[in-house]
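In: the sequence isn't on hand, but the structure is:
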């Protein structure tokens, strides 16, 4: 059974960089069928895709965040990572990692991590 | 691409038939997914390509539509179906989500 697990500090100071890692277990991150993505959800609000990455390193970013986002992949460790720079209180959210299945419609999110709450505060 | 959902909230009873609508600001063919989210949990994929049921999802859930107008139907509500439902377009990244429909117990 595929599992995704987010890890990283839960509190980030304004203007600093948020860093999260998603470790994938029960399957290989190097499969050609999948992209790996980050999604966030501010408290009490809706969902927003941040970016996605292919095992080869190809990335797609949300244009609204592109200037501050970097997503990377480490196939040897079967994990991928998110960096979001110059954070503000507006970046406070639950951050999820998830799998985009290219065989499902054409890129539906079929496996999700449990999510981790990141609070931006001094 | 912008997505709207209606209604934004809905009260219904166990056994009711419920329909949620999602409308896209431009045509997205059948590239639409539906998710269910319960409080404190990650979203769960229900349907992709507008009408294909994800494995393990009960058959009381169904989806239809193409172009700009889509629906999610639950044929007979069960207690575990009370949650928030989101549509998501999969035509162009960043794959916008709809604002959600909260389904509550009457």
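Out: Right, received. Where do you want to start? The structure presented is a predicted model; accordingly, all values stated were derived computationally and were not measured. Numbers count the residues shown, from 1 in each chain, chains lettered A, B, ... in the order given.
In: now do the end-to-end distance for stretch A:102-118.
Out: Counting by Cα to Cα, to the nearest Å, you get 29 Å between the two ends of stretch A:102-118.
In: just the closest residue of chain A to chain B, please.
Out: Closest contact between chain A and chain B, by Cβ to the nearest Cβ, is at residue A:105 (3.2 Å). Yep, even glycine has a C-beta here, placed from its N, CA and C like the rest.
In: how about the contacts made by that residue?
Out: For residue A:105, the contact set (Cβ atoms under 8 Å, 6 or more residues apart in numbering or on different chains) comprises B:30-33, B:48-50, B:52, B:90.
In: tell me the centre residue of the chain?
Out: Answering for chain A, as no chain was given. The centroid of chain A falls nearest to residue A:38 when counting by Cα atoms, centre = their mean (2.3 Å).
In: to clarify, I was referring to chain B.
Out: Residue closest to the average C-alpha location in chain B (Cα atoms, centre = their mean): residue B:34, at 3.9 Å.
In: from residue A:14, how far out is that residue?
Out: Distance, residue B:34 to residue A:14, by Cβ to Cβ, to the nearest Å: 36 Å.
In: the residue nearest to the centre of chain A against residue A:73, yeah?
Out: No: between residue A:38 and residue A:73 there is no contact under Cβ atoms under 8 Å: 11.8 Å.
In: which pLDDT value goes with whichever residue of chain B sits closest to chain A?
Out: Closest contact between chain B and chain A, by Cβ to the nearest Cβ, is at residue B:48 (3.2 Å). With respect to pLDDT, residue B:48 scores 97.
In: for the residue nearest to residue B:87 when sequence neighbours are not counted, list each beta-bridge partner.
Out: Residue nearest to residue B:87 in three dimensions, not counting chain neighbours: residue B:22, with 3.6 Å by Cβ to Cβ, 6 or more residues apart in numbering or on different chains. Beta-bridge partners for residue B:22, by DSSP bridges, are residue B:5, residue B:70.
In: can you count the residues close to residue B:22?
Out: Residue B:22 has 28 neighbours, counted by other Cβ atoms under 10 Å in any protein chain shown.
In: mind pulling up the pLDDT for it?
Out: On the pLDDT scale, residue B:22 gets 98.
In: so who does it touch?
Out: With contact set as Cβ under 8 Å, 6+ apart, residue B:22 has these partners: B:3-5, B:32, B:34, B:65, B:69-72, B:87, B:98.
In: 6 Å - rerun?
Out: For residue B:22, the contact set (Cβ atoms under 6 Å, 6 or more residues apart in numbering or on different chains) comprises B:3, B:5, B:70, B:87, B:98.
In: tell me how far it lies from residue B:52.
Out: Computed with Cβ to Cβ, the distance linking residue B:22 and residue B:52 is 15 Å.
In: what do you get for residue A:14?
Out: Taking Cβ to Cβ, one finds residue A:14 at 43 Å from residue B:52.
In: how about the residues of chain B that lie near chain A?
Out: Within chain B, the positions adjacent to chain A are B:33, B:42, B:45, B:48-49, B:90, B:93-95, B:97, B:99-100 by Cβ under 6 Å from any Cβ of the partner chain.
In: with that, I have no additional questions.
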